[in-house]
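Novice: sequence and computational prediction follow.
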Amino acid sequence: MYAIRLGDDGAELRPLEPWHAEEFLAHLDRGRDFVNQYIPFGSRATDVTTAREALQRYADMRAADTASVHGLWLDGTLVGGVLTLNFDAANGSCEVGCWLEPAATGRGLVTRAMRVLIDWAVEQRGIHRVEWVAASGNTASIAVARRLGMTRDGVRRAAHLHHGVRHDLEVWSVLAPEWRARDRHPDPR
């Protein structure tokens, strides 16, 4: 399939498919507590069968054109990923998200991968509005939204119940014309 180099540090963006179940499970096991601080991503994938089922759900959503999931590999090891959710090409909108295990943080992997994903959504699929939703306490996720040039649209107060705690959700977005203008004036950070 594809492998998109994300720089000179051995980082690649690749499809994350059901046949990656064992690798996906090992990755989740390395970062489960970290990843699940704010989101339940992969929490039901506790063995190879359930990991395969989770990836199959995304494969089915990809086939239905409603979501997609892509892995981040660093030096040949799966360390995280980026995804689209609520993908609606007819209405020109989608949500994007990410997850990463602790050993891979601080390298800009998510920001680099998300640029590829948003470029594809805007330029290839005609998406007009790309949305990012993150718990207010998830400062790393919010920092990525800022680096991507997104605008904070607002806060959905106490909207997300996770681990018995209600979290405020910040909604960030970028519109296609803003994304394209950013390409002409890249963020120096």
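Specialist: Structure received. Residues are numbered from 1 along each chain as shown.

Novice: measure the closest residue to Glu178 other than its chain neighbours to Val116 for me?
Specialist: Closest residue to Glu178 apart from its sequence neighbours, by C-beta to C-beta, 6 or more residues apart in numbering: Gly149 at 6.7 Å. Backbone N, C-alpha and C define where each C-beta goes, glycine included. Using C-beta to C-beta, to the nearest Å, one gets 15 Å for the distance from Gly149 to Val116.

Novice: out of the two, which sits in the more crowded spot?
Specialist: For Gly149 versus Val116, neighbours defined as other C-beta atoms under 10 Å are more numerous around Gly149 (18 against 14).

Novice: phi, psi of the more buried one?
Specialist: The phi and psi torsions at Gly149 (degrees, to the nearest 10) take the values phi 80, psi 20.

Novice: does it touch Val174 like I think?
Specialist: Yes. Between Gly149 and Val174 a contact is recorded at 5.9 Å, counting by C-beta atoms under 8 Å.

Novice: which residues are common contacts for these two?
Specialist: Overlap between the contact sets of Gly149 and Val174, as judged by C-beta atoms under 8 Å, 6 or more residues apart in numbering, is given by Arg182.

Novice: by mean pLDDT, point me to the weakest helix or strand of this protein.
Specialist: When the helices and strands of the chain are scored by mean pLDDT, DSSP states H and E, helix 176-184 comes last with a mean of 85.

Novice: what sits up against that helix?
Specialist: Counting by C-beta under 8 Å, 6+ apart, residues outside helix 176-184 touching it are Gly92, Ile118, Asp119, Val122, Ile127, His128, Arg129, Val130, Gly149, Thr151, Val174.
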